[in-house]
Structures are given as structure tokens and as C-alpha cells.
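Q: Compute the structure for the input listed below.
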Amino acid sequence: MEVIPAIDLLEGRCVRLYQGNYEQSQIFSENPVEFAQKWEAQGATRLHIVDLDGAKAGRVINLEAITAIIEATSIPVEVGGGLRSRNSVKELLNLGVQWVILGTIAVEQPQLVEELCQQFPGQIITGIDARDGKVATHGWLETSELLATQLAVKMQGYGAAGVIYTDIYRDGTLSGPNLGALREISEAIDIPVIASGGISSITDLLSLLTLEHQGVIGAIIGRALYNGNISLTKALRAVGPGRIQDIPLDLGSSYFA
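A: Now for the predicted structure:
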């Protein structure tokens, strides 16, 4: 399972929100590049970047910080937040972003998402952020009547490379992932699902392994990494490639003697 550090950008700073509330933000660094390099050095294979200003504005705002992170690191980067036009998507992909995450336009402009999936195969991920199973949009400031599972099935049909599912009520709360919702959405589709929201410990990560066979292939971690609840290196040893439970025991020739 891939462990993916989150870097949330607000006015160029690295921050974390509580349940998506912009009024409850905690600043962790004035220089997000430092954390990007730190996570890469500790073994991260991907970075998850969210342009929080862009999510509210409907366009890319923190382009300078995103560019700096890409130039300073060598691992793939996925970016979401405010990507609501073809030009915004093309701009980021041309910059070197590996995957773009589309949320609001998946609800409001599904035809455009379908076209982008065809134009950029394998590089469009649908970000499904939900409250009580219903999809939220516009930086989590609005909630639609569309069910998360319905949107996931629709996006799979359009050719999305995967789904990032975030339970808003758990995001930034360290209260654990919503395993029930993740099970429901992973059972509804065949494309990969990445879990986000509430992951607070390696125990939480291990609980996600029960859904790995259904297609939950990764976990995005934010606050728990920044406050030290989770060590990235230990998390990778627990659930990442070469994880402890996958290493055969060297019992030795005398074990059964």
C-alpha cells in the first residue's frame, strides 16, 4: 500500500485544516519545499498537493509553490484544488505534475472530465470528498445531493485513473478512516481507490490493508505526519513495499530438528 504525504497550500504556506474549515488552519511551514524534500528523503514515492486557495477561487493560485516542489523533488506529484478548466489541467501537466485531481467539475462539468480522461489517459484522478456519503464541492463549501458511489461509478466509466475518497468529517481530526464508506466505494468500482481523512496511526494504516484486495491501494496522510503521530519510515515498513508481514521468516535448517 502506498503511503502518500499531503502538502496543503494556503497563501504559499504548508498548513492543515480541521474538517476542511479554512478558519481552523494550522501553519506547519512557511516553506512547503522543505517538507516535500523531507518526505522524499524518508521514502515517499508520491506527494499529494492541494491548492486550498485554488479550491475556493476555482483556479490555480499557489502555482509558484507547486513549481518549486516539483523542481526540488524527483518523485511523482499529484495536485488538486481549483482545477475547473482544460487550461488549468494542461498547465499543471505541462509543468511536470503526474496526476491532476478533479473534484468540483466532476459534478458540474462531467463531459469535460470525460474529454480530459481521453486526452490525458492515466493522469486524471477523481477527488471525491463527501459528507454523510454526499459529494461536497467548491473547496468543501457546498454539498450536492450526488452520492459518492454514484460519482465514482460514473468517473470510472469516463476513464478516470483512480479515485481519492475523503471523508470530510474525519479530515484533520485524527479519528481514523471511514472503513465502511471506503469498502462501499471500492466495491462499486474496479479502478484504484486512495483513502484520505482521519488517518492517525499505523494501526489505522493496517486496518486499511483489509480493503487492499478490493482496490484500496494507498493512503494520504496529513496532520498525523506533521504532529509526529506517524513516522513515515515506520509506516512504509508496516504497509509499504517489502512490508514486515510480507517478508518470509528465515527459520533456519534447525527449526524443525
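Q: Only C-alpha atoms from now on, for both contacts and neighbour counts.
A: Will do.
Q: what sits against the closest residue to residue 97 other than its chain neighbours?
A: The shortest distance from residue 97 to any non-neighbouring residue, by C-alpha to C-alpha, 6 or more residues apart in numbering, is to residue 77 (5.4 Å). Contact analysis of residue 77 by C-alpha atoms under 8 Å, 6 or more residues apart in numbering lists 46-49, 70, 97-99.
Q: Start and end of stretch 113-131, how far apart?
A: 22 Å (C-alpha to C-alpha, to the nearest Å).
Q: Hmm, I typed the wrong one, I wanted stretch 24-33.
A: Start to finish, the residues bounding stretch 24-33 are 23 Å apart (C-alpha to C-alpha).
Q: lowest average confidence, helix or strand, in the protein?
A: Least confident helix or strand of the chain, by mean pLDDT, DSSP states H and E, is strand 21-29 with a mean of 81.
Q: moving C-terminal of that one, what's the next helix or strand?
A: helix 32-41 (DSSP states H and E).
Q: So which elements touch that following helix?
A: strand 2-10, helix 63-72 (3 or more C-alpha pairs under 8 Å, 6 or more residues apart in numbering; DSSP states H and E).
Q: Apply 10 Å and report the result again.
A: Contacts defined by 3 or more C-alpha pairs under 10 Å, 6 or more residues apart in numbering; DSSP states H and E place helix 32-41 against strand 2-10, strand 13-18, strand 47-51, helix 63-72, helix 232-239.
Q: Return the set of buried residues in that helix.
A: Of the residues in helix 32-41, 32-33, 35-37, 39-40 count as buried by neighbour count, 16 or more other C-alpha atoms under 10 Å.
Q: again, but for stretch 182-190
A: Within stretch 182-190, the residues that count as buried by 16+ other C-alpha under 10 Å are 182-183, 185-186, 189.
Q: quick one on the thing from earlier: ok, what's across the strand from the residue nearest to residue 97?
A: Beta-bridge pairing of residue 77 under DSSP bridges involves residue 47.
Q: Tell me the spacing between it and residue 100.
A: Relative to residue 100, and taking C-alpha to C-alpha, residue 77 is found at 9 Å.
Q: Need the overlap of contacts for the two.
A: Taking C-alpha atoms under 10 Å, 6 or more residues apart in numbering as the criterion, residue 77 and residue 100 both touch 48-49.
Q: Would you double-check that residue 209 falls in a helix?
A: Yes: under DSSP: H, G, I helix; E, B strand; the rest coil, residue 209 sits within a helix.
Q: Quick one: closest of the helices and strands packed on helix 32-41 to residue 169.
A: Between residue 169 and the helices and strands packed on helix 32-41, the shortest gap by C-alpha to C-alpha is with strand 13-18, which sits at 8.7 Å.
Q: Run through who's touching that closest one.
A: Contacts for strand 13-18 (C-alpha under 10 Å, 6+ apart): 6-10, 22-36, 49-50, 52, 62, 65, 168-174, 222-223, 226.
Q: Nice, that's everything, thank you.
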